[in-house]
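Student: Okay, here's the prediction I keep looking at, along with the sequence it came from:
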Amino acid sequence: MAENLHSQGAEVSIVEMGTQVMAPIDFSMASLVHQHLMDKGVNLFLGQAVASFEREGKGLKVFFKDGHSISADIVILSIGVRPETNLARAAELTIGDAGGIAVNDYLQTSDESIYAIGDAIEFRHPITGIPWLNYLAGPANRQGRIVADNILGTKIPYEGAVGTSIAKVFDLTVAATGLPGKKLRQAGISYLSSTIHPSSHAGYYPDAMPMSIKITFDKETGQLYGGQIVGYDGVDKRIDEIALVIKHEGTIYDLMKVEQAYAPPYSSAKDPVAVAGYVAENIITGKVKPVYWRELRDIEMENNLLLDVRTPDEFALGTLPNAVNIPLDELRDRLAELPKDKMIYTFCAVGLRGYLAYRILIQHGFENVRNLSGGLKTYRAATAPIILNNASVQQNKVVTPTVEVAKTIQVDACGLQCPGPILKMKKTMDTLSSGERVEITATDPGFPRDAAAWCNSTGNQLIKKESVGGKSIVIIEKGEPKSCNIVTSCDSKGKTFIMFSDDLDKALATFVLANGAAATGQKVTIFFTFWGLNVIKKLNKPNVEKDIFGKMFNMMLPSSSKKLKLSKMSMGGIGGRMMRYIMNRKGIDSLESLRQQALENGVEFIACQMSMDVMGVKQEELLDGVTIGGVATYMERADNANINLFI
């Protein structure tokens with residue numbers, strides 16, 4: 001109804017008491033549907049229960065239980081289905097716990113001469129063994145045939161339905177079979193899951209469309225419990241293959257063995273169903289240990305590291321807070337930048353490069369590594385806020401310039417997965433002059449948002465974006481390059497410090513300022529370089545292997561913050577000891593205490609990799625919680641700050 005009314009030009013709102021639309025699928029997969037609905041301009045009110053209605057002129061006012069309300073000309077109630085059991089109750093037939101007519105394996109009711117089929121009955125689920133209600137036409141028709149045969153004397157048992165369903169949601173197709181994670185948890189069944197984001201067919205053949213597949217399975221045997229797919233083309237045939245495996249009590253290994261018809265217009269040499277099986281096998285056999293979006297969202301990152309292995313261009317478009325960027329192609333050469341005493345969470349756009357990074361790290365002696373299942377695509381969809389249509393219109397305001405457009409370059413990025421479309425767009429934009437436009441057509445659903453973010457950060461203008469039939473069309477006009485990013489004190493941006501000194505008084509001043517800024521809720525970063533590295537050395541450092549130059553620096557430099565001296569009146573170290581004594585008498589926090597407070601307040605400590613290499617300082621010598629980075633890492637933080645201090 002939302003789709004049809006929207007196509008007639010109506011402004012549509014969906015009010016849902018649950019936290020998601022499309023109840024048969026898990027929240028992470030439904031979030032992809034939420035994004036599509038919002039892109040189409042549909043308002044979503046999730047987690048809202050309707051309390052009452054009131055007349056408002058010629059329309060209605062809908063009141064929610066939390067006190068909010070919306071106005072509407074038409075209200076359509078679609079609030080669930082119940083079995084029609086009045087006749088069965090009048091006949092004194094047994095009604096089951098789920099509210100449907102109870103039947104045996106031959107679809108007989110408690111009166112053997114009476115059979116019941118369809119939406120009115122409840123029958124045990126093949127996976128849980130618990131009777132459930134299944135409102136689907138396919139199983140109902142099968143039940144009708146079985147009953148017809150059984151009435152004539154054939155004893156054919158009904159095997160039960162796993163609930164295979166499919167629906168069109170605007171341009172999307174949403175399908176499910178078996179049990180999603182939330183139903184397995186309710187049934188007390190232990191399980192694992194995997195999420196992939198393949199294309200409907202070979203990417204080099206035109207019009208390859210993205211899809212997302214999530215499967216649930218037994219963590220020991222690999223028995224397949226459920227499958228969910230959100231996509232455009234080819235969703236129906238994949239969900240049917242998964243359903244067949246589930247109905248025959250198959251496993252994820254059977255998914256790998258399914259022999260699909262292959263030609264580039266229809267599939268890939270490794271079909272998405274087979275890939276889903278391969279990824280699940282990787283998890284079961286320990287080739288990779290996943291972390292799921294909800295786990296990563298709730299993890300305290302103090303002793304953990306987020307490793308973004310996408311390209312720098314992708315990283316610049318946005319990443320997870322405090323993530324470190326080491327592109328996959330550079331990872332083997334930069335392993336020294338990563339701590340072995342922290343849990344490292346690898347991630348990329350959809351999970352593949354994160355998996356490859358996981359394997360590289362494990363093979364080089366890193367033991368505490370996890371890969372984000374489904375990548376940033378799943379995480380961002382599941383954690384994205386719901387934006388109402390009028391708010392999103394204001395945010396994505398399209399600007400039409402008054403200058404004459406010289407030319408428009410057409411770019412076909414269909415079939416390319418992220419970051420393909422954004423990189424192809426950037427490459428084309430680099431060839432244009434100011435005022436010229438590029439029109440990009442892509443099948444990656446996240447591309448319009450990436451393109452808008454790219455325009456905001458580069459000074460180019462987003463002229464148009466629309467989505468039709470699973471394809472996004474984005475028009476961008478090249479603007480003048482951004483020479484600077486002016487940030488005012490009203491912008492409530494972060495604060496950055498470069499700690500170049502190892503003087504005790506300057507270190508004290510740094511942490512006092514950093515703690516003060518952090519107390520106001522601002523994002524604070526301290527970049528420790530050259531002598532500043534001495535400020536964040538551990539008091540009790542482990543023995544580390546160093547070359548001759550590292551050993552020489554080690555002898556000449558302060559061994560820890562306890563050995564720092566005053567910049568003036570040091571008097572051979574007496575001044576520093578006097579300063580600490582007076583601070584202690586007056587109840588003023590020590591340098592070490594202020595430093596620890598800064599870490600606890602969320603201040604980011606970044607140690608300069610180049611300075612560490614030059615001065616022979618190893619990561620093991622530095623405080624826990626210090627991340628390693630280069631000038632690009634610092635410059636990214638400074639670009640988003642309105643105060644930058646060099647100390």
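Tutor: Everything's here; your move.

Student: C-alpha from now on. contacts and neighbour counts both.
Tutor: OK.

Student: residue ranges for the helices of the stretch 201-350 of the chain, please.
Tutor: Along the stretch 201-350 of the chain, counting by DSSP state H, counting those that start in this stretch, helices occupy 235-247, 252-257, 272-284, 293-298, 312-316.

Student: cool, the stretch 451-600 of the chain as well?
Tutor: Counting by DSSP H, counting those that start in this stretch, the helices of the stretch 451-600 of the chain are 504-519, 548-556, 574-585, 591-600.

Student: Compile those helices into TSV and extend it with columns for mean pLDDT, distance to Tyr191 and mean neighbour count.
Tutor: Shown next, in TSV, are the helices of the stretch 451-600 of the chain (pLDDT from 0 to 100; distance: least, Cα to Cα, whole Å; neighbours: other Cα atoms under 10 Å):
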stretch	mean pLDDT	distance to Tyr191	mean neighbour count
helix 504-519	85	41	19
helix 548-556	80	50	12
helix 574-585	80	55	14
helix 591-600	86	36	19
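
Student: would you turn those into CSV with distance to Glu300?
Tutor: Converted to CSV, the helices of the stretch 451-600 of the chain look like this (distance: least, Cα to Cα, whole Å):
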stretch, distance to Glu300
helix 504-519, 18
helix 548-556, 33
helix 574-585, 32
helix 591-600, 11
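
Student: what's the closest of the ones you listed to Asp430?
Tutor: Closest of the helices of the stretch 451-600 of the chain to Asp430 is helix 504-519, at 38.9 Å (criterion: Cα to Cα).

Student: Tell me which residue lies nearest the centroid of this protein.
Tutor: Closest to where the C-alpha atoms of the chain average out (Cα atoms, centre = their mean) is Tyr379, at 1.0 Å.

Student: For it, which three-state class applies?
Tutor: helix (DSSP: H, G, I helix; E, B strand; the rest coil).

Student: who's in contact with the closest residue to it other than its chain neighbours?
Tutor: Once flanking residues are discounted, Tyr379 sits nearest to Trp293: 5.2 Å by Cα to Cα, 6 or more residues apart in numbering. Shown in contact with Trp293 (Cα atoms under 8 Å, 6 or more residues apart in numbering): Leu372, Ser373, Thr378, Tyr379, Ala382.

Student: quick one: secondary structure of Arg142?
Tutor: Assignment for Arg142 (three-state DSSP): helix.

Student: so which strand or helix has Asn150?
Tutor: Element membership for Asn150 (DSSP states H and E) is helix 137-151.

Student: Off-centre distance for that helix?
Tutor: 43 Å (Cα atoms, centre = their mean, to the nearest Å).

Student: residues of that helix that come out buried?
Tutor: Pro139, Ala140, Gln143, Gly144, Ile146, Val147, Asn150 (16 or more other Cα atoms under 10 Å).

Student: May I see these organised as a markdown table, with pLDDT and distance to Ser472 added?
Tutor: Shown next, in a markdown table, are these (pLDDT from 0 to 100; distance: Cα to Cα, whole Å):
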| residue | pLDDT | distance to Ser472 |
| --- | --- | --- |
| Pro139 | 96 | 37 |
| Ala140 | 96 | 39 |
| Gln143 | 97 | 43 |
| Gly144 | 97 | 44 |
| Ile146 | 97 | 47 |
| Val147 | 98 | 49 |
| Asn150 | 97 | 53 |
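
Student: Relative to its centre, which residue of the chain is most distant?
Tutor: The chain, Cα atoms, centre = their mean, max distance from centroid: Met571 (55.9 Å).

Student: In stretch 640-647, which residues are buried?
Tutor: Quick answer for stretch 640-647 (16+ other Cα under 10 Å): Asn640, Ala641, Asn642, Ile643, Asn644, Ile647.

Student: for stretch 461-477, what is the average pLDDT?
Tutor: In this model, stretch 461-477 carries a mean pLDDT of 85.

Student: May I see the buried residues of it?
Tutor: Burial within stretch 461-477, assessed by neighbour count using 16+ other Cα under 10 Å, is assigned to 461-465, 467, 470-477.

Student: So which of these belong to strands?
Tutor: 461-465, 467, 471-477 (DSSP state E).
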